[in-house]
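Student: Could you work out the structure for the sequence below:
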Amino acid sequence: MVSSPLYLTGRSAHRKILMTWIEGMFLSRETASPDSLSIEHVMPQSLSAKWRADLSAEHGVDEIDTLHENYVHTLGNLTLTGYNES
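Tutor: Next comes the predicted model:
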């Protein structure tokens with residue numbers, strides 16, 4: 001599941017249900033309502049110069065594209081939010 005591209009598999013509604021269920025497991029003080037939330041990427045789908053610089057400082061220049069490709073659509077890089085792109 002760590003390396004599975006969750007964002008690209010299945011139906012959007014199923015992804016929201018899965019992420020809402022996970023949120024509920026952590027006993028959050030807020031109730032996540034799938035209708036008002038969207039799934040967004042923490043590390044963006046297209047890397048800006050700033051993201052590239054930050055990642056290269058941590059992982060090396062040669063690893064950036066591989067790192068991005070391997071993790072951009074995985075569960076660990078997705079979040080539920082009501083703020084969309086902001």
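
Student: give me the low-pLDDT residue ranges for the protein?
Tutor: 1-3, 28-33, 84-86 (pLDDT under 70).

Student: what's the burial count for residue 19?
Tutor: 19 (other CB atoms under 10 Å). From N, CA and C alone the C-beta is placed, and that goes for glycine too.

Student: my guess is it contacts residue 76, does it?
Tutor: No - between residue 19 and residue 76 there is no contact under CB atoms under 8 Å: 11.6 Å.

Student: In the chain, which helix is the longest?
Tutor: Determined from DSSP state H, the single longest helix within the chain is helix 12-25.

Student: got the buried residues for that one?
Tutor: 15-16, 19, 23 (16 or more other CB atoms under 10 Å).

Student: From the residues you listed, pick the one nearest residue 69.
Tutor: Using CB to CB, the shortest approach to residue 69 within those belongs to residue 15, at 19.5 Å.

Student: which ones are touching that closest one?
Tutor: When contacts are counted by CB atoms under 8 Å, 6 or more residues apart in numbering, residue 15 touches 6-7, 39, 78.

Student: I'd like those residues written out as CSV, with secondary structure and distance to residue 45 added.
Tutor: Below are these laid out as CSV (DSSP: H, G, I helix; E, B strand; the rest coil; distance: CB to CB, whole Å):
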residue, secondary structure, distance to residue 45
6, helix, 14
7, helix, 9
39, strand, 12
78, strand, 11
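
Student: now, the most widely separated pair of these?
Tutor: Longest span within the contacts of residue 15, CB to CB: 6 and 39, 8.8 Å.

Student: Surely residue 10 forms part of a strand?
Tutor: No - applying DSSP: H, G, I helix; E, B strand; the rest coil, one finds residue 10 to be coil, outside a strand.

Student: Tell me how far the spatially most central residue of the chain lies from residue 17.
Tutor: By CA atoms, centre = their mean, the chain has its centre lying nearest to residue 78, at 1.7 Å. According to CB to CB, to the nearest Å, residue 78 and residue 17 sit 13 Å apart.
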